[in-house]
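Colleague: fold the stuff below for me.
(2 chains)
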Amino acid sequence: MPDKIILQAQDVRRALTRIAHEIVEANRGTEGLLFVGVHSRGVPLAQRLAATIGEFEGVSIPVGALDISLYRDDIAKGAKPVVRRTDIPTDVTDKKVVLIDDVLYTGRSIRAAMDALMDLGRPQCIQLAVLIDRGHRELPIRPDFVGRNLPTSSSEEIAVHLKEIDGRDEVAIVRKEPAAEVRP
Amino acid sequence: MSVTEQERRVVETPIAPPVWRHRHILDVDDFSREEIGLVFVTADAMKDILAREIKKVPTLRGKSLVTLFYEPSTRTRASFELAGKYLSADVVNVSASGSSVEKGESLLDTIHTLEALGAEVIIMRHPQSGAPYLAARNSKCSIVNAGDGWHAHPTQSLLDMYTIREKLGKLEGLRVAIVGDILHSRVARSNMWGLATMGAQVVVCGPPTLLPESFSRAFPVTVERSLERAVAGAHVVMALRLQKERQEKGLLPRIREYVSHYQINRERLAMAEPEALLMHPGPVNEGVEVSSELTRGVQSVIDTQVTNGVAVRMALLYLILGGRRPVARSEDSARPPGPDSSGFRSGEPAEGGRSQ
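Modeller: So this is what the prediction gives:
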């Protein structure tokens, strides 16, 4: 079944530009902001948001990368993501941290990301920006900045492609293959 | 460093494919280059945690590890214990002395007891080569070999290779000289396999009683009797501990004679590459394998090896525990009993008994 394309490259760009303005507006400027992208696709999104704000505000917002593998709640259930390096250029304490991820779904990744962040210090606050909010939350977590709300069924998957990683900007809905996994 | 530059590097690192196949860590001889690479990448992230003010992540919360040591150890055991604790696992230490082993409990009975107590990983050191393979075949726990007889010490080899990669940026194409009592060394055996897998060239050097000629046929290495020739052009010089009891068995005439022929000293290290690394798995016999001035010298990475040992062991615990669902009790009855019913292979047949 062919993927259904939801956002083209220019849609992704417009969504990010709008989010960039919303972040500056909501925070009344850029003072104390720190952008933290969640590996993998949150990282280039965070860089793009910082670059966009840099263009119209003339400031440089620090950008970090956060790996949440070691904080996931499904390790015991067999998940074993490759652990990437967490790399945050400044102390998070007293910063207004904007967590940035590509897709918000159950909220469990963001729960893990907040725990990981708290282990590094005590941010003044944590805000959440996502490119796609697809619903189906399992935890009381809501995003502050959203590129596109996309109601989905759980049998679908959202595929976010970004230039830095995948060579093109595009968001598509993919139907999951029926589970081929036959395990004893 | 500019943030963007840093981030770009992070983004461009390709996501390693899911290459991990191991439920136990028995030796590195059945590790692929990709698997060793995955250990390194994971250890990089673990090393960042060690640099934090609060060295603790919740990853292995609720998991139980037991260290079961039938031989003495300081660094390996403490390293595993700390690795487990930094990952929030519960860690219990059992020594052969002071335990029921002294009352005559067999290895397998001890393993089964620890399993019944709820251990998910048993980290064992045993004087008998192959003991961890026996344990792995007969237990639902993951077994980590922390040294078995003369055979293997896989975690030491991985931390040695990790240290070389960290200091020199690569392993491929490097010349590594391993010097000393090769015959009795499980560290040397695991390193010979691991380094060969990673594309390094290994030269081993030692007196004939401690390094039989046959090593060049059994292992992917070159045997060299002259220390000068072995060290010449080496990027890494690794000295092994001289086990004093070997002298008593008549394999060495006198320690002083060993020192005059095989000690790594300033003149001999100077024959290696200019910034060659000096390594030693520890514990060091002061002034025997390596001259005292070099042990703490600028080329020595002995302390780094110890620090990296914790990061590498954290990575390994994550990889073996994160990977698979624990075997559920309810599955036991569903399967016929027998050596293959536990759902994993161990000992990687054909490889198990090769070393001696």
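Colleague: for the stretch 51-200 of chain B, what lies in contact range of chain A?
Modeller: Within reach of chain A by Cβ under 8 Å from any Cβ of the partner chain, the stretch 51-200 of chain B has these residues: B:52, B:54, B:56-60, B:62-63, B:87. Using the backbone N, CA and C atoms, a C-beta is placed for each residue, glycine as well.
Colleague: next structured bit after the lengthiest helix in chain A?
Modeller: Taking residue count as the measure and DSSP state H as the definition, the longest helix of chain A comes out as helix A:9-26. Using DSSP states H and E, the helix or strand that directly follows helix A:9-26 along the chain is strand A:33-38.
Colleague: any idea how far that next one is from the chain center?
Modeller: Strand A:33-38 sits 9 Å away from the centroid of its parent chain (Cα atoms, centre = their mean, to the nearest Å).
Colleague: sorry, back to before: contacts for the longest helix of chain A, please.
Modeller: When contacts are taken as Cβ atoms under 8 Å, 6 or more residues apart in numbering or on different chains, the neighbours of helix A:9-26 outside the stretch itself are A:7, A:30, A:33, A:45, A:48-49, A:52-53, A:56-57, A:98, A:127, A:129, A:131, A:144-148, A:162, A:168-171.
Colleague: same question for stretch B:218-236.
Modeller: By Cβ under 8 Å, 6+ apart, the list of residues contacting stretch B:218-236 reads B:164, B:168, B:174-179, B:189, B:192-193, B:196, B:201-205, B:207-208, B:211, B:213, B:215-216, B:237, B:261-262, B:264, B:268-269, B:271-273, B:276-277, B:279, B:354-355.
Colleague: narrow the residues of the stretch 51-200 of chain B next to chain A to just the buried residues.
Modeller: B:57-60, B:63, B:87 (16 or more other Cβ atoms under 10 Å in any protein chain shown).
Colleague: inside helices: which ones of the contacts of helix A:9-26?
Modeller: Among the contacts of helix A:9-26, the members that lie in helices (by DSSP H) are A:45, A:48-49, A:52-53, A:56-57.
Colleague: in a markdown table, list those along with pLDDT.
Modeller: A markdown table is the format used below for those (pLDDT from 0 to 100):
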| residue | pLDDT |
| --- | --- |
| A:L45 | 98 |
| A:R48 | 98 |
| A:L49 | 98 |
| A:T52 | 97 |
| A:I53 | 97 |
| A:F56 | 95 |
| A:E57 | 96 |
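Colleague: how much space between B:R268 and chain A?
Modeller: According to Cβ to the nearest Cβ, to the nearest Å, B:R268 stands 38 Å off from chain A.
Colleague: keeping just the C-alphas, turn the strand or helix carrying that residue into CSV.
Modeller: Secondary structure from DSSP H and E places B:R268 in helix B:266-269. What follows is helix B:266-269 as a C-alpha-only set of coordinates in CSV (Å, rounded to 0.1, in the frame of the first residue of the first chain):
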residue,chain,number,x,y,z
ARG,B,266,62.3,3.3,28.7
GLU,B,267,64.8,2.1,26.0
ARG,B,268,62.6,-0.7,24.8
LEU,B,269,59.5,1.4,24.7
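Colleague: contacts for it next, please.
Modeller: Among residues not part of helix B:266-269, those counted as contacts by Cβ under 8 Å, 6+ apart are B:227-228, B:231, B:237, B:276, B:278, B:291, B:293-294, B:299.
Colleague: go with 6 Å
Modeller: Where contact means Cβ atoms under 6 Å, 6 or more residues apart in numbering or on different chains, the residues beyond helix B:266-269 that reach it are B:227, B:231.
Colleague: which strands and helices sit next to the host helix or strand of B:D303?
Modeller: Under the criterion DSSP H and E, the helix or strand holding B:D303 is helix B:302-323. Under the contact criterion of 3 or more Cβ pairs under 6 Å, 6 or more residues apart in numbering or on different chains; DSSP states H and E, the helices and strands touching helix B:302-323 comprise helix B:33-50, helix B:75-86, helix B:154-168.
Colleague: hey, which of these is tucked in deepest?
Modeller: Of all those, helix B:154-168 carries the top mean neighbour count, a mean of 24, counting by mean count of other Cβ atoms under 10 Å in any protein chain shown.
Colleague: what mean pLDDT does whatever helix or strand comes next after it get?
Modeller: Using DSSP H and E, the helix or strand that follows helix B:154-168 in sequence is strand B:175-179. Across strand B:175-179, pLDDT averages out at 98.
Colleague: so what angle separates the directions of strand B:175-179 and helix B:154-168?
Modeller: Orientation note: strand B:175-179 sits at an angle of 130 degrees relative to helix B:154-168 (axes from the mean of the first three to the mean of the last three Cα atoms, to 10 degrees).
Colleague: can you tell me which two in the residues of the stretch 51-200 of chain B next to chain A are farthest apart?
Modeller: Based on Cβ to Cβ, the longest span within those runs between B:R52 and B:G62 and measures 21.9 Å.
Colleague: for A:T86, which non-adjacent residue is spatially closest?
Modeller: Closest residue in space to A:T86, ignoring its immediate chain neighbours: A:D67 at 4.8 Å, by Cβ to Cβ, 6 or more residues apart in numbering or on different chains.
Colleague: hmm, that neighbour is touching A:R84, no?
Modeller: Yes - with contacts defined as Cβ atoms under 6 Å, A:D67 counts as touching A:R84 at a distance of 4.2 Å.
Colleague: helix or strand with the lowest mean pLDDT in chain B?
Modeller: Least confident helix or strand, chain B: helix B:329-334 with a mean of 33, by mean pLDDT, DSSP states H and E.
Colleague: ok, back up a step: in strands, which of the contacts of stretch B:218-236 fall?
Modeller: Counting by DSSP state E, those place B:175-179, B:201-205, B:237, B:277, B:279 in strands.
Colleague: which of the residues you listed lies closest to chain A?
Modeller: Distance to chain A, by Cβ to the nearest Cβ, is smallest for B:L277 among the ones in strands among the contacts of stretch B:218-236, at 23.4 Å.
Colleague: so that closest one bridges to which residues?
Modeller: Note on B:L277: beta-bridge partners by DSSP bridges are B:V236.
Colleague: what's the neighbour count on it?
Modeller: A total of 24 residues lie near B:L277 under the criterion other Cβ atoms under 10 Å in any protein chain shown.
Colleague: list the contacts for it?
Modeller: Each residue near B:L277 by Cβ under 6 Å, 6+ apart is listed here: B:167, B:236, B:301.
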